[in-house]
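1. Need the 3D shape of this:
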Amino acid sequence: MIDTLIQRVQKTQHGFTDIKKAADELVASQTPEICISLAHELFKSEIHQARMLATFIFGRFAAESEDILQFMHDQISRDDNWRVQEILAMAFDQFCADTGYENVLPVIRDWLGDDHHHVRRAVTEGLRIWTSRPYFDEHPQIAIQLLSQLHADESEYVRKSVGNALRDISRTYPDLVRTELSSWDRSSKKVARVYKLASRFLKD
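-> Presented below is the predicted three-dimensional model:
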């Protein structure tokens, strides 16, 4: 089954739609134990599409297993393929949706404060558009606060995600985002770049 799955997903050179479909079909047709076992085997593959598939599968079961969430945090975040990191962000959002965003605020805060930039970005990117998610749609100021704490992050990768996420929110909550941005020290070039991204849709 592993070889068949890899042959299928390896055909995907751009995007992830068919890889996600393969994960959905597997989860619907196999027991959780089989799915998780297959995911661990797939993640050992040198083929990045196989690891993307594994990450999708892990995301479907992370709400049911602390070990899987920890594997996502410790192992998948260390994958050097950017496509795998995109799926990690989606998998983290799946975990949050399955558990309830308000229930995983401690986990969100913990990942946002992690030492590894991929872990932090999995949250900032995965929950976009933040205020379209349950809980944050009623508490936009909390979404803005959580994102803004990384506006001067050491990683440009994370800062860009933060700026874009705040820009998304500014479409619906311009005054809240404008107030937050007004408190930033833009003397730093890296902060100024995030400000430019975040304020793109704000009128003076």
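
2. and this protein, what are its domains?
-> Domain segmentation of the chain under automatic domain parsing yields 1-6+16-98, 100-204.

3. Give me the longest helix you can find in this protein.
-> Counting residues, the longest helix found in the chain (DSSP state H) is helix 82-99.

4. Other residues contacting it?
-> 16, 19, 48-49, 51-52, 55-56, 58-60, 62-63, 69, 72, 76-77, 79, 104, 107-108, 111, 118, 121-123, 125-127, 133-134 (Cβ atoms under 8 Å, 6 or more residues apart in numbering). Glycine gets a C-beta too; all of them are placed from N, C-alpha and C.

5. hang on, the earlier thing: would you list the domains of the chain in a markdown table and tack on mean neighbour count and mean pLDDT?
-> Shown next, in a markdown table, are the domains of the chain (neighbours: other Cβ atoms under 10 Å; pLDDT from 0 to 100):
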| stretch | mean neighbour count | mean pLDDT |
| --- | --- | --- |
| domain 1-6+16-98 | 18 | 97 |
| domain 100-204 | 18 | 97 |
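
6. give the contact list for the closest residue to Val84 other than its chain neighbours.
-> Distance criterion Cβ to Cβ, 6 or more residues apart in numbering; nearest residue to Val84, sequence neighbours excluded, is Arg51 at 5.0 Å. Listed by Cβ under 8 Å, 6+ apart, the contact set of Arg51 reads 42-43, 45, 76, 79, 81, 84.

7. Now with 10 Å, please.
-> The contact partners of Arg51, taken as Cβ atoms under 10 Å, 6 or more residues apart in numbering, are 9, 39, 42-45, 76, 79, 81, 83-84, 87-88.

8. ok, those residues vs Met1, which is closest?
-> Minimum distance to Met1 across these is 10.0 Å, recorded for Leu42 (Cβ to Cβ).

9. and the helix or strand containing the closest one, how far out from the chain's middle?
-> Assessed by DSSP states H and E, Leu42 sits inside helix 32-43. Here helix 32-43 is found 21 Å from its chain centre; the criterion is Cα atoms, centre = their mean, to the nearest Å.

10. Then stretch 39-54?
-> With Cα atoms, centre = their mean, you get 18 Å for stretch 39-54.

11. Repeat that for stretch 121-141.
-> Distance, centroid of stretch 121-141 to centroid of chain: 10 Å (Cα atoms, centre = their mean).

12. any idea how far Leu5 is from Gln13?
-> Using Cβ to Cβ, to the nearest Å, we find Leu5 at a distance of 17 Å from Gln13.

13. residue boundaries of the helices in this structure?
-> Assigned by DSSP H, the chain shows helices spanning 2-9, 17-29, 32-43, 48-61, 66-74, 82-99, 105-112, 117-126, 140-148, 156-170, 174-181, 189-198.
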